[in-house]
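# here's my sequence, what's the structure:
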Amino acid sequence: MAIPLLSALSPSKCLIADKAYDADSLRAWLRARHIQTVIPSTATRTIPYPLDRKAYARRNLIERLVGKLKQFRRVATRYDKLAAHYLAFVQIASLMIWLRSFGDMA
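Numbers count the residues shown, from 1 in each chain. All right, here's what the predicted structure looks like:
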């Protein structure tokens, strides 16, 4: 299902994903569109693909932010019916997370 989902989005320069997306068909589809893949190889590959570790480390930042956003019940359960309202609360929750980080510094 990754290819139909990605084809609906605007093109990008890079795709960062986890090992679950390490498929030759997906890599070929991305290569045909000149999209750099930052996907670690699964343990079953005899010859692993090269991995840009710095780019892959940035994925961790997004994963941690999503985990923190899910602490807000309204974001996790998506009570809002309109996408604009949901996006507004995600932005408010992100701001609250950002402001909390300054409290940890003191």
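
# contacts and neighbour counts: CA atoms only from here.
Fine.

# packing partners for the stretch of helix or strand Tyr86 belongs to?
Taking DSSP states H and E as the definition, Tyr86 sits inside helix 83-105. Applying 3 or more CA pairs under 8 Å, 6 or more residues apart in numbering; DSSP states H and E, we find helix 83-105 packed against helix 53-69, helix 73-77.

# got the angle between that helix and helix 53-69?
Taking axes from the mean of the first three to the mean of the last three CA atoms, to 10 degrees, one finds that helix 83-105 is oriented at 100 degrees with respect to helix 53-69.

# avg pLDDT for helix 83-105?
Rounded to a whole number, the mean pLDDT of helix 83-105 is 88.

# before we move on, back to that, would you format the helices and strands packed on helix 83-105 as JSON lines with mean pLDDT and distance to Thr37 included?
JSON lines is the format used below for the helices and strands packed on helix 83-105 (pLDDT from 0 to 100; distance: least, CA to CA, whole Å):
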{"stretch": "helix 53-69", "mean pLDDT": "89", "distance to Thr37": "10"}
{"stretch": "helix 73-77", "mean pLDDT": "88", "distance to Thr37": "29"}
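
# and those helices as CSV, adding distance to Leu15 and mean neighbour count?
Below are the helices and strands packed on helix 83-105 laid out as CSV (distance: least, CA to CA, whole Å; neighbours: other CA atoms under 10 Å):
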stretch, distance to Leu15, mean neighbour count
helix 53-69, 10, 13
helix 73-77, 24, 13
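
# mind putting the ones you listed into CSV with distance to Pro40?
Conversion of the helices and strands packed on helix 83-105 to CSV gives the following (distance: least, CA to CA, whole Å):
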stretch, distance to Pro40
helix 53-69, 8
helix 73-77, 28
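
# out of those helices, nearest to Thr42?
helix 53-69 (14.6 Å; CA to CA).

# quick one on the thing from earlier: in the helix holding Tyr86, what's buried?
Tyr86, Phe89, Val90, Ala93, Ser94 (16 or more other CA atoms under 10 Å).

# perfect, I'm done here.
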